[in-house]
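>>> Fold the following and give me the result.
(chains A and B)
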Protein chains: 2
Amino acid sequence: MTNEKRAADVCIAVDGMGGDYAPEQIVAGSCDAARILGCRVVIVGDRERIERLLPGTGVPPNVAVVHADGVVAMDEAPAAAIRRGASTSMGASLQLVRDGTAQGVFSAGNSGAFLALATIRLRTLAGIARPAFATAWPARKGPMLLLDAGANVDCRAEWLLQFAIMGSAYAKVAFNIASPKVGLLSVGTEEGKGNALTEAAFSLLSTAPVEFIGNVEGGDLLLGDADVVVCDGFVGNVALKLAESAGEYFFGVVKETALSTLRGKLGILVLKPSLRAVRKRFDHREHGGAPLLGVRGVCIIGHGRADAKTVVNACRVALRAVQLDLVGSIGSMLSTLPPASVEAAT
Amino acid sequence: MTNEKRAADVCIAVDGMGGDYAPEQIVAGSCDAARILGCRVVIVGDRERIERLLPGTGVPPNVAVVHADGVVAMDEAPAAAIRRGASTSMGASLQLVRDGTAQGVFSAGNSGAFLALATIRLRTLAGIARPAFATAWPARKGPMLLLDAGANVDCRAEWLLQFAIMGSAYAKVAFNIASPKVGLLSVGTEEGKGNALTEAAFSLLSTAPVEFIGNVEGGDLLLGDADVVVCDGFVGNVALKLAESAGEYFFGVVKETALSTLRGKLGILVLKPSLRAVRKRFDHREHGGAPLLGVRGVCIIGHGRADAKTVVNACRVALRAVQLDLVGSIGSMLSTLPPASVEAAT
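Numbers count the residues shown, from 1 in each chain, chains lettered A, B, ... in the order given. Okay, the predicted model is just below:
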């Protein structure tokens, strides 16, 4: 961490047209990020629309605009987005990383298209078969990283090994944990409990250069000891969406139950600030975005409902990952793998 | 529902030695069930220990004891439990259903062994390849049945179709819904979103004799419209354990946050009765147990921590399933399937 880059030397590209509240909220957030974090921010998209949103005098000097005509629609097929290359704001943002102008990129747009474009334009690291979406959970004992959260719905055991290595590198950087504990999501904690995929992954993980703590179960995603949990993207996506909905569900049930009595109504009123603080913990805007791990560049994908606050937090994650050389760390961990695992991966 | 059996004509076998609080709580619950529900209850296990627990005079006349020497240990391999046949309390309980003495069976013991023993001793219904564990969730809009919750960690698409039919039949019986809405758990609601398994299952379900509403996502398990959600037992088990832990997690976080302020402490005190009511909704003891669907008999498997209350609720579920002829309903729905699906299943 001695050679850590200065924030001013880092440039983050922001897809100005991606997300439900683009470009307004994205532009506002990009200016805030530049001001708060001190890194350079390049907003990519329809120059005219973006510049109209930039406040006349108050634009930080470290904000720039790069023009791109097209916008990848939220429901556009990844293949179509790929065909349009760097003509879209998303494609052009990734191009800035590819040509070295930017070191990190954020988009709140179509995540399937972002995954495909990032994989094609930036390429995966040597030894990585497929990039994975990683999401940080506010688990009981601290932050917990789950991957894959949806990039790869059908996985091979070697990929789970690669996810473990990438997740471990990210947890070191993002959570500042020296030796992150890695768990394999399964249906029982004993070795041998699981499906064909996890059984094969278990033996690969047992000899991997990570601190493998064995199988973990669904409940451990919120209450367990692991810092990183790996699974295929189908299970990870179901778990993520279930956990996201659990907050809304529980607060809804508590409110409904409480509001049926006078005492309960009073309790809700008194407890409101605490409940609000808890909700905040689960607010996707606080977390910024999910890193796409395994490509040659720092890529952060945001929730479609990203607002200015999300953009700031996402840029903070991206800046941190660049400063601590996340991509390089993953590369070095991969280079310690026995050749067989790497061959199987490519 | 016109030929509904009288409760007094139904006999439920209870594995007296299965579960963390056996035989004490199981025996107490069996007596309560016989008294409250009016059905006959046969407690199976170590006669001497069980009879010592039966209160001298107050034992209901509709309670009987059947002796079995052995006990299936909680960590015993299913194959070992099978070898011991009907010599264990679990095996002997299932034998009572097989020979027609009982119509339903409940065990809070080793669920893997129960699954294996029930499959071997009772056999699956014609057209059912694998039995599935079904669990009822207290979802936002009413009860929701998830299956498979862990019996089959690697599934074929035809099995998911069979789960849909079994779940639909159970929801009709247990939730009293004329035409249960069946969802397929996946990573997106659009057709075509999913993994290889769900894509194949989607097309089978589209022409199945159930009200198929398409793909549902993780969040729909708590907030969605489906009455029945089908998935493989790996995903289902992860989701079930995650949802079970979410209550503990959220109440823990709310409590911790609130207790850090005086106002919060007061709020928790005032809101206590409401919070307790919500917790009750998630108490596994209230739900009794998970039906094992697809075998020739009503089988209910309980949580290892089952107490007397669980036994009563599990016997209530079993009695209801017998009275409404759950097994027959599944059989009739299966008979309407095109022959190809049935062949693929066997």
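>>> and residue A:311, how many residues sit next to it?
34 (other CB atoms under 10 Å in any protein chain shown). No exception for glycine: its C-beta is placed from N, CA and C like everyone else's.
>>> One more: the one 4 residues further on?
Neighbouring residues of residue A:315 were enumerated by other CB under 10 Å; the total is 27.
>>> so who does it touch?
The contact partners of residue A:315, by CB atoms under 8 Å, 6 or more residues apart in numbering or on different chains, come to A:12, A:14, A:29-30, A:33, A:37, A:39, A:41, A:104, A:106, A:288.
>>> could you flag which of the residues you listed are buried?
The neighbour count (16 or more other CB atoms under 10 Å in any protein chain shown) marks A:12, A:14, A:29-30, A:33, A:37, A:39, A:41, A:104, A:106, A:288 as buried among these.
>>> From those, which shows the smallest pLDDT?
Of all these, residue A:288 carries the smallest pLDDT score, 68.
>>> what's the model's confidence in stretch A:111-118, averaged?
Stretch A:111-118 comes out at a mean pLDDT of 95.
>>> what residues does that stretch touch?
Contacts of stretch A:111-118 (CB under 8 Å, 6+ apart): A:18, A:72, A:76-79, A:81-82, A:90-91, A:94, A:105, A:107, A:131, A:133, A:150-151, A:292, A:295, A:297, A:299, A:301.
>>> Run the chain-centre distance for that stretch.
Put simply, stretch A:111-118 sits 13 Å off its chain's centre (CA atoms, centre = their mean, to the nearest Å).
>>> and if you look at stretch A:143-162?
So, by CA atoms, centre = their mean, the centroid of stretch A:143-162 is 13 Å from its chain's centroid.
>>> hmm, that stretch in reach of chain B?
Yes - Stretch A:143-162 lies within reach of chain B by CB under 8 Å from any CB of the partner chain, at A:150, A:153-154.
>>> in that stretch, what's buried?
Result for stretch A:143-162 [16+ other CB under 10 Å]: buried residues A:144-153, A:155-162.
>>> Then stretch A:191-205?
For stretch A:191-205, burial by neighbour count (16+ other CB under 10 Å) applies to A:193-195, A:197-202, A:204-205.
>>> contacting residues around the closest residue in space to residue A:139 that isn't next to it in sequence?
Nearest non-adjacent residue to residue A:139, counting by CB to CB, 6 or more residues apart in numbering or on different chains: residue A:222, 5.6 Å away. When the contact criterion is CB under 8 Å, 6+ apart, the partners of residue A:222 are A:137, A:139-140, A:243, B:242, B:245-246, B:248-249.
>>> TSV for those residues, including pLDDT?
Formatted as TSV, these follow (pLDDT from 0 to 100):
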residue	pLDDT
A:137	89
A:139	90
A:140	88
A:243	91
B:242	94
B:245	89
B:246	88
B:248	85
B:249	88
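>>> Only whichever of these are buried, select them in ChimeraX.
Here is the ChimeraX selection string for the buried members of the contacts of residue A:222, based on 16+ other CB under 10 Å:
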select /A:137,139,140,243 /B:242,245,246,249
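>>> In strands, which of the contacts of residue A:222 appear?
Among those, DSSP state E puts A:137, A:139 in strands.
>>> For residue A:8, which non-adjacent residue is closest in space?
Nearest residue to residue A:8 in three dimensions, chain neighbours excluded: residue A:38, at 5.7 Å (CB to CB, 6+ apart).
>>> Go ahead and confirm that neighbour touches residue A:5.
No - between residue A:38 and residue A:5 there is no contact under CB atoms under 8 Å: 11.4 Å.
>>> how near is residue A:268 to residue B:311?
36 Å (CB to CB, to the nearest Å).
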